[in-house]
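S.K.: Task: produce atomic coordinates for the following.
(chains A and B)
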Amino acid sequence: MSTTGLYAYAITRGLDSAAVAEQSGIGGRPVRLVEREGLAVVVSEVDLEEFGEDGLRRNLEDLAWLEMVALAHDDVARFSAARAPTAPLRLATVFLGEDSVRAQLAEWHEQAELALDRIQGRTEWSVKAYSDPSARPAPAASGGDATSGAAAGEGAGKAYLMQRRAATQRREHTAEEDARIAEALHAELAGLATMSQRLGPQDPRLSGYTGVMILNGTYLLDDAQVELFTRTAIELGERHVHIRLEVGGPWPPYSFSSLDAS
Amino acid sequence: MTEPQRPLTRHSQGQFEMASDRRQPADLADILERVLDKGIVIAGDIKVNLLEVELLTIKIRLLVASVDKAKEMGIDWWENDPLLSTRARGQELEQENQELKERLKALESGQGSGQESGSGSGSKS
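M.R.: Numbering: from 1, shown residues only, chains lettered A, B, ... in the order given. Got it, this is the predicted structure:
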């Protein structure tokens, strides 16, 4: 009876299997390689109670569990990416044994080689831009807020609606401007990168940022591109008073690892 | 050994900030959006309910500053999902509706009690 499965972290090429022993995976279990024809999948054992279909269904809704697994997944991907070309797998790819891992490696061999060629010698970097509305020059005050009504009844209602409309227009105006800024930032940065993508804005409750995330871009850089890219990003961030810019990286090339893209 | 490194975060001020052993909350969001949404998909033996994972991703990402803000910025990837788009719009309308109701209530009660302290139209006493 097999109550353990193999959690697969990444596909890699040329990673030294002895070096891998230094790294532990989910639950502190040792990481090892499952190899086939020059490619390897980085795996560690997991309990199928936890990572079987029922377990996953339950656990994926638990943010603390998800955090633990996501961090371990990222640690292993990072470890591998620092040493060899590494294409991370999607979270929670679980096999029942080495044979099925090898079968997948055989099936995807060619595409995996291409994916690894694409990201070899490259890392992923993220650039986020936040707009801080309070750092903008305030719009001219329009006669106090609507509740301080000298006007009562109908008048106050009308004033309130007009106030709301004016506020909406102001918001639209600044959002449009921010969208233009974000577009320009991304275009400039993408020009300095090998590949690029814009991701959706993140949840401030999870990320803990203030303001509005107007750009969540991710960029695949050759090692030789990194310096100019990060320097340029920082300079771009200084162009606008109300925009704050963050550069993060290097990441394993999560956003640029897929088997189908050419 | 120097690895595994945590991502360096560099702010516009220009200083490097080595994320320490303890990860920042921002790291978690970055990691989640990548490990749930990106990376190679190959078929494991355990069939994960992708819908659930997707919902989870959506929960994390849709709780954006606000839905209408994202829409103004032209981010509308959830529009294709009828479930999400109706819910998204519903929330927006509901909130506005609620604000208007509260406002109306305040105005109505203001006509009764506000008059006493207020302008000369009071006809009582």
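S.K.: now stretch A:229-239, how far from the centre of its chain.
M.R.: Between the centre of stretch A:229-239 and the centre of its chain there are 20 Å (C-alpha atoms, centre = their mean, to the nearest Å).
S.K.: Need the mean per-residue confidence for it.
M.R.: Average pLDDT, stretch A:229-239: 93.
S.K.: list the buried ones in it?
M.R.: Buried residues in stretch A:229-239, counting neighbours by 16 or more other C-beta atoms under 10 Å in any protein chain shown, are found at A:229, A:230, A:232, A:233, A:234, A:236, A:237. Every C-beta, even on glycine, is put in place using the N, C-alpha and C of the backbone.
S.K.: Next up, the contacts around the nearest residue to residue A:120 once chain neighbours are set aside.
M.R.: Among residues not flanking residue A:120 along the chain, residue A:85 sits closest, at 4.2 Å (C-beta to C-beta, 6 or more residues apart in numbering or on different chains). Residue A:85 makes contact with A:12, A:13, A:14, A:116, A:117, A:119, A:120, A:121, according to C-beta atoms under 8 Å, 6 or more residues apart in numbering or on different chains.
S.K.: Of those residues - the most surrounded one?
M.R.: residue A:12 (24 neighbours; other C-beta atoms under 10 Å in any protein chain shown).
S.K.: host element of that residue?
M.R.: Element membership for residue A:12 (DSSP states H and E) is strand A:4-13.
S.K.: And the very next helix or strand once past that strand, what's buried?
M.R.: Using DSSP H and E, the helix or strand that follows strand A:4-13 towards the C-terminus is helix A:17-20. By 16+ other C-beta under 10 Å, the buried positions in helix A:17-20 come out as residue A:20.
S.K.: Same check on stretch A:82-94?
M.R.: Using 16+ other C-beta under 10 Å as the test for burial, stretch A:82-94 gives A:82-94.
S.K.: again with stretch A:53-70
M.R.: In stretch A:53-70, counting by 16+ other C-beta under 10 Å, buried: A:55, A:56, A:59, A:60, A:66, A:69, A:70.
S.K.: that older thread, please narrow the buried residues of stretch A:229-239 to those residing in helices.
M.R.: Secondary structure from DSSP state H places A:229, A:230, A:232, A:233, A:234, A:236, A:237 of the buried residues of stretch A:229-239 in helices.
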